[in-house]
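1. just to be clear, the model below is a prediction. Sequence and coordinates:
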Amino acid sequence: MSARAYTLAELAERFDARVEGDAQVAVQRVATLGGAGAGDIAFLANPKYKAEAAATQAAAVILAPGHVGLTTRPRLVHANPYACFARVAAFLNPHAPQAQGIDAHASVSASARIGKHASIGAFVAIGDDVEIGENALIYPNVTIYPRVRIGKNVIIHAGAVIGADGFGIAPDEGRWLKIPQTGTVVIGDDVEIGANTTIDRGAIENTVIGQGVKLDNQIQIGHNVIIGDHTVMAGCVGIAGSATIGAHCQFGGSSSVLGHLTVADHVAVTANTMITRSILKSGTYTGSFPYSANADWLKNAAHLRSLDAMHERIRTLERRLSALDKS
Amino acid sequence: MSARAYTLAELAERFDARVEGDAQVAVQRVATLGGAGAGDIAFLANPKYKAEAAATQAAAVILAPGHVGLTTRPRLVHANPYACFARVAAFLNPHAPQAQGIDAHASVSASARIGKHASIGAFVAIGDDVEIGENALIYPNVTIYPRVRIGKNVIIHAGAVIGADGFGIAPDEGRWLKIPQTGTVVIGDDVEIGANTTIDRGAIENTVIGQGVKLDNQIQIGHNVIIGDHTVMAGCVGIAGSATIGAHCQFGGSSSVLGHLTVADHVAVTANTMITRSILKSGTYTGSFPYSANADWLKNAAHLRSLDAMHERIRTLERRLSALDKS
Amino acid sequence: MSARAYTLAELAERFDARVEGDAQVAVQRVATLGGAGAGDIAFLANPKYKAEAAATQAAAVILAPGHVGLTTRPRLVHANPYACFARVAAFLNPHAPQAQGIDAHASVSASARIGKHASIGAFVAIGDDVEIGENALIYPNVTIYPRVRIGKNVIIHAGAVIGADGFGIAPDEGRWLKIPQTGTVVIGDDVEIGANTTIDRGAIENTVIGQGVKLDNQIQIGHNVIIGDHTVMAGCVGIAGSATIGAHCQFGGSSSVLGHLTVADHVAVTANTMITRSILKSGTYTGSFPYSANADWLKNAAHLRSLDAMHERIRTLERRLSALDKS
């Protein structure tokens, strides 16, 4: 499908790798170890798949120096085989989106400024005074509210909404008054935003998404959140208003952070975990309930409502036993 | 509202049921037991509602053989009253969507192939080389990325996004490299997809949704997930990349499955439960935290951070008591 | 940016507050305590920010009578400073959306009735027989299915879907039959609905959203849910079908309610909590797992699968100790 094939020697030179085996073998597509055949290049990043590596019919395999012996196929050897694979895949990808300009079915405000080489899909709505840097790739049905500012090389997937009002309401005699959300959203370069993800505008100051941040689908980012550079979040994460998230963090799917908290750089939060206090130290944090067969869960979970009583019974036992010991 | 009324006798013949009471009573609408009046047919599937059945003013009631005595109204008796009701409701439904062709406000690639009797709503964006089988019902603002393949009789609700890039990124010296998502999404016949649900395209191979799968709203299906036939998922479920879900499974709202796991056929996962290891055996699985009044939760939940210490104290007590017993 | 500035004296009269300090100081914008300068009015609602209040360069500060001494800047004193701020901010907001009629890129059924002073954005799809009251503000890419009825002064953010089919399916010999969703959605006055939130239509009777309800982004409301007046829900909440939620309730982010339950008025559910039984009494309810460092969680969470056994061991110890006491 791609325009042409490349030899391993060519790829090795281009991507700073070395070849083991026949450097003249040609590849033109990426494939999985299990699905690959002639013309396909696969990769091995996790030794868990060494059986697949041994059995692969791939024309070539990208792998790490320590795994060179796991296959006899021609190999492209690189210290970071997954990153090398990412580059090779991008290079060979016959479906890479091309800059197509602004679709005839998009609605772009006359006061918006869109950088060059943009691809803006059908039914994308871009409000007044929006700024978008060059090489933007915006898929259909995205909405960008007024005054949002977006950097270069940004990808926004279908259905995402950038700059809707934050959830600012004040109680007033049993009713709720809306607080105007007069800030906006500022998004750095090289950010990717997943399908149906929402990023709210700030209440007064701005919501800020750092450089190189990658957000998966259906993520909710509240108003005035700040996300540090190169942080990544998997699907369905929710970050409540005014939370400040560090750089180089990783959030598992459906994890969340309560409002007004701070999370340090290089923090990993595992899936389904809710962060309820600020995290000041790099590390991995977890707070999810282990599943079990429903019958077992019923027996065990019932005690969660009397853990404090259990604890008290242990203390009482300890005291009684100590008294007995003395007597 | 519907064009005409039908006698119980007609419905019984059409839907393979039998009549108790006056077979000539005519019905033209479905209603709840509590809300029904003349011309309305209601149903009783759960004996919990027997008081409502006894008091109903419905022209007729669909129920199971064992429940015939729960009302004196004319009855349509069927072994599966809920399924019988579903068929009767569909038959009488005056609002059933009609095939309306492709809305003038849709954007369909010239290279897409849409089967006959389709209804494609306003602001639906369908990319290049998409294939959609006959009788498709696609509501407004849906986005279908290039090369997605969809079977027959599929319903896709508003705002759904099919085929956006999976979340494939490789770490590279503190930054993240995008891995091209060169696979696509393949959806079987008779699938229904809820509003704002997202199904990502595969990284290399495809994401696959089996026949008869029903997905509620705001579900996130990661790249390379495989969902077996006739599996159903309630709202807000998240299935992480490369998970393989069996056939005839049921997922409660907000439940989730981590990446690369396998879930057997006929598994039920209850609401808010996260599956963290493969499930090889049919059954019901649960892992949610029981709620309580906040004050009670505060007292009990604190001990979760010292369960291991509690366990150790119990062991110590057991040893001391055994020592005492011996002495 | 706003058309003109107002003196504190003018604002005090308009918003029923009193002035401490120079009543002739003029303000034209709202700002945070930390970010404010000349021409800016800030607010102090939480004494936690008293240091910021003491240091602020704001032209004026809105605060409560008990906090008058926390700054020497001119003050607008009000018993509910946050509500007062909301009103002042709305009054000064230079970005307040104006009624702009129906965008040329919207698709509104000829049988829909839209009240006066509406603002309907690009790519909004409004189905047959929809009714929307006056002053509606509907952002781009919203979908409103047929027959939905919406009150006055309603704001609906981008990507929201109102009236998609509820998740009604009946099992029938290993397959699922769709149950037509013949009800609709009825939304009261003064409701705000967040971006990408979904509210399903009723199966037979209607889904009902009360007056003054405020829903954040990415919320899922199932079919036949009833939400009482002035209840608010933060992002990613899920309410399953046929749940009845009281008035004046507050739901934290990602909380949820199972189907067919009832929640009383004035109930607060904290973030990430799942309500699994009806709540008959006002109060605050919680059921989330406290997070910890991953290594600690691993140690502690393992015991959740043997809590029942731990409990049994405690009982055994108590019996043995009592036997020992007697002997």
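-> Structure received.
2. residues near the closest residue to chain B within the stretch 151-300 of chain A, how many?
-> Residue nearest to chain B within the stretch 151-300 of chain A (C-beta to the nearest C-beta): residue A:291, separated by 2.9 Å. (Each C-beta comes from the backbone N, C-alpha and C, glycine too.) When neighbours are counted by other C-beta atoms under 10 Å in any protein chain shown, residue A:291 registers 23.
3. distance check, the residue of the stretch 201-327 of chain A found nearest chain C against residue A:14.
-> Of the residues in the stretch 201-327 of chain A, the one nearest chain C is residue A:287, at a distance of 2.9 Å by C-beta to the nearest C-beta. The spacing between residue A:287 and residue A:14, counted by C-beta to C-beta, to the nearest Å, is 44 Å.
4. of those two, which one has the most company?
-> residue A:287 (24 against 12).
5. doesn't residue C:297 make contact with the more buried one?
-> Yes: look at residue A:287 against residue C:297 with C-beta atoms under 8 Å: they come within range, at 6.5 Å.
6. what's the overlap in contacts for these two?
-> Shared contacts of residue A:287 and residue C:297, defined by C-beta atoms under 8 Å, 6 or more residues apart in numbering or on different chains, comprise residue C:291.
7. identify the bridge partners of residue A:27.
-> With DSSP bridges as the criterion, residue A:27 is bridged to residue A:6.
8. neighbours around it, how many?
-> By other C-beta under 10 Å, neighbour count at residue A:27 equals 26.
9. kindly report the same for residue A:249.
-> The burial count for residue A:249: 23, using other C-beta under 10 Å.
10. wait, doesn't it sit right on residue A:262?
-> No: the pair residue A:249 / residue A:262 is not scored as a contact, 11.4 Å apart, by C-beta under 8 Å.
11. residue A:62 falls within a strand, correct?
-> Yes: per DSSP: H, G, I helix; E, B strand; the rest coil, residue A:62 lies within a strand segment.
12. how near is it to chain C?
-> 31 Å (C-beta to the nearest C-beta, to the nearest Å).
13. for residue A:68, see how far away that residue is.
-> When residue A:62 is compared with residue A:68 (using C-beta to C-beta), they lie 11 Å apart.
14. now list whatever residues contact both of these two.
-> Between them, residue A:62 and residue A:68 share the contacting residues A:75, A:77, judged by C-beta under 8 Å, 6+ apart.
15. so does the helix or strand bottoming out on mean pLDDT in chain A get close to chain C?
-> Sorting the helices and strands of chain A by mean pLDDT, DSSP states H and E puts helix A:307-326 at the bottom, at a mean of 91. Yes: Helix A:307-326 lies within reach of chain C by C-beta under 8 Å from any C-beta of the partner chain, at A:310, A:313, A:314, A:317, A:320, A:321, A:324.
16. which residues are in contact with the residue of the stretch 151-300 of chain A closest to chain B?
-> Going by C-beta under 8 Å, 6+ apart, residue A:291 touches A:297, B:269, B:273, B:274, B:275, B:276, B:285, B:286, B:287.
17. again, but for residue A:310
-> A:303, B:303, B:310, C:310, C:311, C:314.
18. run the last query once more with 6 Å
-> Contacts for residue A:310 (C-beta atoms under 6 Å, 6 or more residues apart in numbering or on different chains) come out as none.
19. what of residue A:284?
-> A:268, C:294.
20. helix, strand, or coil at it?
-> strand.
21. close to chain B: what parts of the stretch 101-250 of chain A are there?
-> A:105, A:122-123, A:140-141, A:157-159, A:195-196, A:212, A:214, A:216-218, A:230, A:235-236 (C-beta under 6 Å from any C-beta of the partner chain).
22. so which of those belong to strands?
-> Among those, the residues falling in strands (DSSP state E) are residue A:214.
23. can you say which of the residues of the stretch 101-250 of chain A next to chain B are buried?
-> A:105, A:122-123, A:140-141, A:157-159, A:195-196, A:212, A:214, A:216-218, A:230, A:235-236 (16 or more other C-beta atoms under 10 Å in any protein chain shown).
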